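Q: predicted model and sequence follow; I will ask about them next.
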Amino acid sequence: MKTSISAYRGRFAPSPTGPLHFGSLVAAVGSYLEAKTRGGSWFLRMEDVDAPRCSAAAAAEILRQLEACGLHWDGEIVWQSRRSPAYTDALERLKASGRVFACACSRRELADSAIAPDGAAIYPGNCRDGLPPGRTARAWRLRVDTARVDFDDAIQGRIVSDLAREAGDFILLRSDGLFAYQLAVVVDDADAGITHVVRGADLLASTPRQVFLQECLGLPRPAYAHLPVAVNAAGEKLSKQTRAVALDVSRPGPALLAALEFLGQQPPRELVGAGPQLILDWAGRNWRLERVPRRRTLAGEGETDLK
Ligand code: GLU
């Protein structure tokens, strides 16, 4: 079925490396409300492309948590682990257009490279003009050259990026044979007809690479809104690594209220003790994207201030 260009199609794309915690609930709630209040659909994609880091148990738990919070998705769930043919096809197109090159470099050989703002090594260009004699391809990289990428983020404002300095020639197919997150996201969003990407600002560093890839593949660019990311008292992003506590599905109400407060919405005290449906009904009537704090990080661990 062809959908009209104007229909809003949003998504939530968790990586099933562990259960949802407060930080991921914020991204779920923000993307859900923005889609629903604009008459749109909200799709769910399990980002299990990095199979060794993901588990079926974590994916099942995420589904249970979303349902307990009343965050019901539209349509079929997309599983990245089942989409290799689509990623292969995109990589073949890039090969045909000369946009990618095979790379033989090992991690050790790149150890002295400059470091990008997101901590990744900036590729020094060793294999750009062909594999050195006797070396075999380990990975495939996208040629970045002097690409500049600009886009308007609905929350963070204008983003201007110098990709060569900030990312360099980045990997699309890893040496372990897995497709890189950057390629998978771009192909998946395009195939699902996603028009609006609402997600955490920790991914803002990836967005210019994704926009550039869209241009290389001739794919439409969705609109972007990057929500502030929840950090703990030490300023660290809530994640499995920082031992963020899993969302307690036996009490979804307080977590939803805390997520709404975190996102700058002002749920009334009368909602304390309410179930998820009542809270989401209120949020659906009162959600304002312009109230979301225009910040990349914000302290918050899921406690509601409402008493
Ligand atoms: N899977 C990513 C994460 O859980 C989100 C990717 C996206 O929203 O584009 O951080």
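A: Yes, it's here. Quick caveat: nothing in here was measured; it's all calculated off a predicted structure.
Q: which bits of the stretch 151-300 of the chain sit near the ligand?
A: For the stretch 151-300 of the chain, the residues in contact with the ligand (CB under 6 Å from any ligand atom) are V185, R199, L203. Every C-beta, even on glycine, is put in place using the N, C-alpha and C of the backbone.
Q: for the residues you listed, give me CSV that also has secondary structure and distance to D162.
A: Formatted as CSV, those follow (DSSP: H, G, I helix; E, B strand; the rest coil; distance: CB to CB, whole Å):
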residue, secondary structure, distance to D162
V185, helix, 21
R199, strand, 22
L203, helix, 18
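Q: show me the shaky parts of the stretch 151-300 of the chain.
A: Counting by pLDDT under 70, the stretch 151-300 of the chain contains no low-confidence range.
Q: let's see 80
A: For the stretch 151-300 of the chain, the stretches flagged by pLDDT under 80 are 240-243.
Q: let me see the ranges of the helices in it.
A: 163-166, 181-191, 207-217, 252-262, 276-286 (DSSP state H, counting those that start in this stretch).
Q: format the ones you listed as a markdown table; extra columns: mean neighbour count.
A: Formatted as a markdown table, the helices of the stretch 151-300 of the chain follow (neighbours: other CB atoms under 10 Å):
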| stretch | mean neighbour count |
| --- | --- |
| helix 163-166 | 17 |
| helix 181-191 | 22 |
| helix 207-217 | 21 |
| helix 252-262 | 24 |
| helix 276-286 | 17 |
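Q: okay if I get these as JSON lines plus distance to A230?
A: Listed next are the helices of the stretch 151-300 of the chain as JSON lines, based on distance: least, CB to CB, whole Å:
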{"stretch": "helix 163-166", "distance to A230": "24"}
{"stretch": "helix 181-191", "distance to A230": "21"}
{"stretch": "helix 207-217", "distance to A230": "19"}
{"stretch": "helix 252-262", "distance to A230": "6"}
{"stretch": "helix 276-286", "distance to A230": "18"}
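Q: related to what we said a few turns ago, of the residues of the stretch 151-300 of the chain next to the ligand, closest to the ligand?
A: Comparing those against the ligand with CB to the nearest ligand atom places R199 closest, at 3.7 Å.
Q: for the closest one, list each beta-bridge partner.
A: Applying DSSP bridges to R199 gives these bridge partners: H226.
Q: correct me if wrong: it contacts V229.
A: No. Using CB atoms under 8 Å as the test, R199 is too far from V229 to be in contact (9.6 Å).
Q: sweet, I'm off.
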